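*Asks:* generate a structure from the sequence data that follows.
(chains A and B)
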Amino acid sequence: MILKVDGLTKSFGGLMAAAHISFSIQEGERSAIIGPNGAGKTTLFNLLTGQLRPDEGQVYFQGEEITGLPPHQICRKGISRSFQRVNIFPMLSVFENVQVAVLAAQKRTRKLFSAARKMAREETQIILESIDLGGEGAVISGTLSHGNQKRLELGIALAGNPRLLLLDEPTQGMSPEETTKAMALIDRVTRKRGITLLFIEHDIGAVFAIADMIRVLHMGSIIAEGKPQEIRENDEVQRIYLGEKK
Amino acid sequence: MKNLTAKILGAGPLRLLLAVIFLILLPLAIGESWVSLMVEMMALAILATSLNILIGYGGMVNFGHAAYYGIGAYTCALLLKKAGVPFLLAMAAAPIFSAIGALIIGWFCVRLSHIYFAMLTLAFGQIVFTLTLQWYSFTGGDNGITEIPLPPFLQSTLRYYYFSLGVLILCLWAMKRIVDSPFGKALQALRDNPLKTASIGINVRLYSWMAFVIAGAFAGIGGALFAAFNHNVFPTFMHWTKSTEALVVTLLGGMFHFYGPAVGSVILIFLDKLVTSYLRYWSFVLGLLLALMVLFFRGGFTGFLAERWEAYRARKEESS
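*Replies:* From the prediction side, this is the model:
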């Protein structure tokens, strides 16, 4: 078990954004969290990676409690995440975006007097190639297309050499064709590096394409959990999320 | 021949060497009043470049940076005048005391961001200014500290000029190393996206704090350099208007180029001298210039030059 969440609760004013959420994730699992807007999906991610502190409940990562730790410490334990809106370092080059994350992971960013441009070049290039941006290193990242920026964000997350990768809507704003490509890329790189994957996604096609476990979040609670086939057949999920087709 | 010139101008280290040789020879060709003006430019360049570590590289706008410049100036002045400490030791002590000041004040400031950060730096800057102004027995209040003794080997303007040039080169070299280091890269990441920086495992507050202290220390060197040259220090050295002067220079020269603030310092002091000898409305001219810069040339003077240079190269590549 790589991640265990126990009774996680968070409310904003009167609104329960997370209501006693409990689940656990096995090593190597690729699971999705789905749910309607406002279900509390991003809040759950923020609780897991330290952007928010839970009111109640605990989070254990590889058997160690990480509840309420600040984001930079949780990252160092081996959890990387991407954000829903594109989140890169727009004025840095593509290469520097990944390089700074590699250097941070290697705890070398406190070096004050050595030349960064000679450091971690190989590691950075390997990551850039794995996300198909090997030739774009010198481009200022803010000028990349939306799809490539999303890809770069994946690269930044990989630079931390994570055991668990949390992706918040990795295909947000993409065309159906781009979505298929992006999900294939995510599937490929996480498999190759043996990274456990947890992602939030609205595109149901993308979810069923690569997830082997799905959890449905509704009003801050997990209302269903299971294999894609089970979720597809779950009546409650059909009613509140997938739409009343029958 | 044309190719060779382009080659020499294109190479970074060679270009810098040429600039240094130019600065070594220049005072031999101009009058003493201009040489002393250049010392002022160099002190301001150190202050503004240190400020730019925070603004251009770290994305933190500091309105109280003159406080550390002032602490450096007073440290040097007090040690020379009241304690009779050797000159070089007094110079070396300035950045240490400025760093201590920045360490304490920065600890509070980096807890906030954006406008709140800026306001807090301004508030602390004015506290330091007021303390200096009121503490007559120690700082001399608004009389300042006058007749600061200089060692014999620095008593001519030309000698002090060369000493300043050495200090300037050393400071710029050190600061360049810092902004090009992994720490510098982390700082730029922080400027672009603090939230993301935390999520790649960087302690945002700690790094902002480190940058604050480093910038403060270098500002102190600038202050000490000017204090000794000026023979006098006054509380106005730490007033917020001095902070905005450094800010203006940074914008004028360009905050996205390492040498931008230094170039801005030269422009500001040169124009000040030029305009005030013909016109009474220096602040009007400065205001107009700043407005034009911010409206049309966001990258400042160096940004404008870099843009022209790129355009020129693109045209040349097209034609060949």
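*Asks:* residues in the stretch 201-320 of chain B within reach of chain A, list them.
*Replies:* Remark: the part of the stretch 201-320 of chain B in contact with chain A comprises B:201-204, B:207, B:214, using CB under 8 Å from any CB of the partner chain. For glycine as for every other residue, the C-beta is placed from the backbone atoms N, C-alpha and C.
*Asks:* what comes up buried for the strand or helix carrying residue A:126?
*Replies:* For residue A:126, the enclosing helix or strand under DSSP states H and E is helix A:121-130. Of the residues in helix A:121-130, those with enough neighbours to count as buried (16 or more other CB atoms under 10 Å in any protein chain shown) are A:123-124, A:127-128, A:130.
*Asks:* quick revisit: could you dump the residues of the stretch 201-320 of chain B next to chain A into a markdown table and include neighbour count?
*Replies:* As requested, those are exported to a markdown table (neighbours: other CB atoms under 10 Å in any protein chain shown):
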| residue | neighbour count |
| --- | --- |
| B:201 | 24 |
| B:202 | 29 |
| B:203 | 20 |
| B:204 | 21 |
| B:207 | 23 |
| B:214 | 25 |
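*Asks:* mind listing which of the residues you listed are in helices?
*Replies:* B:204, B:207, B:214 (DSSP state H).
*Asks:* just to revisit the earlier point, kindly export the helix holding residue A:126 (C-alpha atoms) in CSV.
*Replies:* Taking only C-alpha atoms (Å, rounded to 0.1, in the frame of the first residue of the first chain), the coordinates of helix A:121-130 have been written out as CSV:
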residue,chain,number,x,y,z
ARG,A,121,21.9,18.3,-18.1
GLU,A,122,21.6,14.6,-18.9
GLU,A,123,18.8,13.9,-16.5
THR,A,124,16.9,16.9,-17.8
GLN,A,125,17.4,15.9,-21.4
ILE,A,126,16.2,12.3,-20.7
ILE,A,127,13.0,13.7,-19.2
LEU,A,128,12.4,16.1,-22.1
GLU,A,129,12.8,13.3,-24.5
SER,A,130,10.4,11.1,-22.6
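*Asks:* do that helix and chain B meet?
*Replies:* No: applying CB under 8 Å from any CB, one finds that helix A:121-130 is not in contact with chain B, the shortest distance being 11.4 Å.
*Asks:* which residues are contacting that helix?
*Replies:* A:94-95, A:98-99, A:102, A:134, A:136-137, A:155, A:158-159, A:189, A:192 (CB atoms under 8 Å, 6 or more residues apart in numbering or on different chains).
*Asks:* quick one: it to chain centroid distance?
*Replies:* In terms of CA atoms, centre = their mean, to the nearest Å, the centre of helix A:121-130 is set 20 Å apart from its chain centre.
*Asks:* could you point out the helix or strand that follows that helix?
*Replies:* The next secondary structure element downstream of helix A:121-130 (using DSSP H and E) turns out to be helix A:146-159.
*Asks:* just checking, what packs against that next one?
*Replies:* Counting by 3 or more CB pairs under 8 Å, 6 or more residues apart in numbering or on different chains; DSSP states H and E, the packing neighbours recorded for helix A:146-159 are strand A:79-82, helix A:94-105, helix A:121-130, strand A:164-168, helix A:176-193.
*Asks:* where's that helix relative to the chain centroid, distance-wise?
*Replies:* Here the centre of helix A:146-159 is set off from its chain's centre by 11 Å, with CA atoms, centre = their mean.
*Asks:* what does stretch B:262-269 give?
*Replies:* Average the C-alpha atoms of stretch B:262-269, do the same for its chain, and the two points are 10 Å apart (CA atoms, centre = their mean).
*Asks:* for it, C-alpha coordinates in PDB please.
*Replies:* As requested, the backbone C-alpha atoms of stretch B:262-269 are provided in PDB (Å, rounded to 0.1, in the frame of the first residue of the first chain):
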ATOM      1  CA  ALA B 262      24.000  49.200 -13.700                       C
ATOM      2  CA  VAL B 263      23.200  50.700 -17.100                       C
ATOM      3  CA  GLY B 264      20.200  52.500 -15.600                       C
ATOM      4  CA  SER B 265      22.500  54.000 -12.900                       C
ATOM      5  CA  VAL B 266      24.700  55.400 -15.500                       C
ATOM      6  CA  ILE B 267      21.800  56.900 -17.500                       C
ATOM      7  CA  LEU B 268      20.100  58.400 -14.400                       C
ATOM      8  CA  ILE B 269      23.100  60.100 -13.000                       C
END
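*Asks:* neighbouring contacts of it?
*Replies:* When contacts are defined by CB under 8 Å, 6+ apart, stretch B:262-269 is touched by residues B:37, B:40-42, B:44-45, B:48-49, B:172, B:245, B:248-254, B:257, B:286, B:300-302.
*Asks:* mind listing which of these are in strands?
*Replies:* Counting by DSSP state E, no part of those is found in strands.
*Asks:* okay, the closest residue to residue A:105 other than its chain neighbours: pLDDT?
*Replies:* The spatially closest residue to residue A:105, leaving aside those adjacent along the chain, is residue A:160, at 4.7 Å (CB to CB, 6 or more residues apart in numbering or on different chains). Residue A:160 carries a pLDDT value of 86.
*Asks:* ok, residue A:160 touching residue A:82?
*Replies:* No: counting by CB atoms under 8 Å, residue A:82 is not a contact partner of residue A:160; they are 11.1 Å apart.
*Asks:* higher neighbour count, the two?
*Replies:* A direct count of neighbours by other CB atoms under 10 Å in any protein chain shown for residue A:160 and residue A:82 places residue A:82 higher, at 27 against 22.
*Asks:* who in chain A is up against chain B?
*Replies:* If contact is defined as CB under 8 Å from any CB, the residues of chain A in contact with chain B are A:49, A:51, A:70-73, A:75-76, A:80-81, A:83, A:87-92, A:96, A:99-101, A:103-105, A:108-117, A:119, A:156, A:159-160.
*Asks:* swap in 6 Å and give it another go.
*Replies:* Contacts of chain A with chain B, taken as CB under 6 Å from any CB of the partner chain, map to A:71-72, A:75-76, A:81, A:87, A:89-91, A:100-101, A:103-104, A:108-109, A:111-116.
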